[in-house]
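*Asks:* Following is a predicted model, sequence given first.
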Amino acid sequence: MTTLDPHSPPPLPPAPPATRTAVRFTDVRKSYPDGDHTIEVLSGVNVAIEEGSFTAVMGPSGSGKSTFLNIAAGLDAPSSGSVEVGGQDLGGLRGDAVTVFRRDRLGFVFQAYNLLPHLTVAENVELPALLGAPAIDPAWRQQVLGLVGLADKAGRLPGQLSGGQAQRVAIARALATKPAVVFADEPTGALDPHTATQVLDVLQRTAAHLRQTLVLVTHDPAVASAADRVLFLGGGVIAADLRRPTIAQITGQLTALNEAR
């Protein structure tokens, strides 16, 4: 029988599990032509977003929030630098491979619901499969509709839904393919404050339940305060990076960025 030396240091606790990166920007720049000039929207963005986290992206008007999101989601390509999503270097994908990656690995929620009016709620959720993604199991589709509170609305048409319900259908569609990362661009921007709070809660809870990474662009400090982390764009770079900030801290940072312009 081995006797422990009472003077020896206690054993070290087990190391925490390594944090995996869902989205990584390395010196990402994006420029657009403007007549005889070039406008650089992103001027060297470096950031890593942890897998399973909820990250909000904010900044003054014209700071590049939507450009950041579009590049992260593979909807646009950077002028230089590299972008990795789920371990995949997007710059290494060519032609249809980019489309297939977005369709099968990523989910999208936008301010406009983008529902097809002649399709039922269930058919709208299954739309990615109609566009070539793997078939969505009916039981899984119904489970996702249940997660967003619309299990009893599967047979309805979009015109029979409220704005909040339509956005929840869009969330269910984004989650139905079991994407690694869900990107949302002002998903509550067209909703009244009460409905916006409900939709944000649904989006946050379902992504957490399915262990998906959520990256959301918003101008609303109340929405951003629900995130684990808030990135602020300013001057073409990440100007501030706050963890679990309060609404007051978010508002103060936005005010400082607007005053610095």
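*Replies:* Yep, that arrived.
*Asks:* Show me which residues of the helix or strand hosting residue 205 are buried.
*Replies:* In the assignment (DSSP states H and E), residue 205 maps to helix 193-209. Neighbour counts over helix 193-209 (16 or more other CB atoms under 10 Å) mark 195-200, 202-204, 206-207 as buried. Yep, even glycine has a C-beta here, placed from its N, CA and C like the rest.
*Asks:* elements contacting that helix?
*Replies:* Judged by 3 or more CB pairs under 8 Å, 6 or more residues apart in numbering; DSSP states H and E, the packing partners of helix 193-209 are strand 54-58, helix 138-147, helix 163-176, strand 181-185, strand 213-217, helix 221-224.
*Asks:* can you list those in JSON lines and add distance to residue 94, mean neighbour count and mean pLDDT?
*Replies:* Converted to JSON lines, the helices and strands packed on helix 193-209 look like this (distance: least, CB to CB, whole Å; neighbours: other CB atoms under 10 Å; pLDDT from 0 to 100):
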{"stretch": "strand 54-58", "distance to residue 94": "27", "mean neighbour count": "25", "mean pLDDT": "95"}
{"stretch": "helix 138-147", "distance to residue 94": "31", "mean neighbour count": "16", "mean pLDDT": "88"}
{"stretch": "helix 163-176", "distance to residue 94": "25", "mean neighbour count": "24", "mean pLDDT": "89"}
{"stretch": "strand 181-185", "distance to residue 94": "21", "mean neighbour count": "24", "mean pLDDT": "92"}
{"stretch": "strand 213-217", "distance to residue 94": "24", "mean neighbour count": "26", "mean pLDDT": "94"}
{"stretch": "helix 221-224", "distance to residue 94": "35", "mean neighbour count": "22", "mean pLDDT": "92"}
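*Asks:* Let me have those in TSV, adding distance to residue 34 as columns.
*Replies:* Below are those laid out as TSV (distance: least, CB to CB, whole Å):
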stretch	distance to residue 34
strand 54-58	23
helix 138-147	42
helix 163-176	33
strand 181-185	23
strand 213-217	23
helix 221-224	30
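*Asks:* Cheers, nothing more for now.
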